[in-house]
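In: coords please:
(one chain, ligands or ions: 1)
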Amino acid sequence: MSTFMLEIVTPERKLYEQEVNMVSVKGAEGELGILPHHIPLVTPLRIAPVVIKKDGKQTVVAVNGGFIEVRKDKVVILAESAEFPEDIDVERARAAKERAEARLKAAKKDEIDFRRAELSLQRAMNRLNVKTAYDVIG
Ligand code: ATP
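Out: Modelled structure (predicted):
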């Protein structure tokens with residue numbers, strides 16, 4: 001089965017660099033399945049799980065916004081932050097979720113804090129979803 005190079009990079013580190021068979025992401029306009037020889041593109045990513053397929057195995061990463069760049073030689077996911085299920089601290093995500101929910105109640109919709117809290121809530125939910133849905137099956 002043919003492969004392409006996939007990198008997942010955050011401002012802090014290179015999280016992933018492997019030859020893979022497929023990657024599925026949630027772009028601004030919906031689900032995007034990338035196979036080898038996909039046409040070059042750049043598009044923003046939602047706060048959502050990214051699913052990687054390699055040698056019949058599936059790996060999931062919580063990607064918290066950023067961009068995907070499909071190049072001729074490789075595919076790069078530039079994530080604002082990203083974690084493998086095994087690196088997700090559930091208590092921390094639960095606490096972040098609670099903080100964000102409290103802020104959403106307190107802030108008015110047009111305030112910058114409201115949008116910030118919404119994004120924080122999305123990151124926390126994404127981490128909790130990835131942890132519960134994918135940690136066990138790997
Ligand atoms: P918190 O409010 O708990 O800091 P956050 O959503 O504001 O959460 P980010 O700014 O997205 O955090 O990430 C900051 C750093 O902390 C990144 O390296 C990210 O991978 C890591 N991180 C954040 N939350 C978790 C978590 N629940 N488990 C593991 N790593 C996390």
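In: from now on I want contacts and neighbour counts done on CA atoms only, so please keep to that.
Out: OK.
In: ok so E101 is a helix residue?
Out: Yes - E101 sits within a helix when classified using DSSP: H, G, I helix; E, B strand; the rest coil.
In: mind checking how far it is from A82?
Out: 22 Å (CA to CA, to the nearest Å).
In: who's more crowded, those two?
Out: Between E101 and A82, counted using other CA atoms under 10 Å, A82 has the larger neighbour count: 30 against 16.
In: mind checking which helix or strand L128 is in?
Out: Assigned by DSSP states H and E, L128 belongs to helix 112-134.
In: and that helix, how far from the chain's centre?
Out: 11 Å (CA atoms, centre = their mean, to the nearest Å).
In: list the helices and strands that helix packs on?
Out: Packing partners of helix 112-134 (3 or more CA pairs under 8 Å, 6 or more residues apart in numbering; DSSP states H and E): strand 41-54, strand 57-70, helix 90-106.
In: columns distance to the ligand on top of these, output as JSON lines?
Out: JSON lines is the format used below for those (distance: least, CA to the nearest ligand atom, whole Å):
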{"stretch": "strand 41-54", "distance to the ligand": "10"}
{"stretch": "strand 57-70", "distance to the ligand": "7"}
{"stretch": "helix 90-106", "distance to the ligand": "4"}
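In: how about the secondary structure of the residue lying closest to R115 once chain neighbours are set aside?
Out: Residue nearest to R115 in three dimensions, not counting chain neighbours: K109, with 7.7 Å by CA to CA, 6 or more residues apart in numbering. Put simply, K109 is coil when judged by three-state DSSP.
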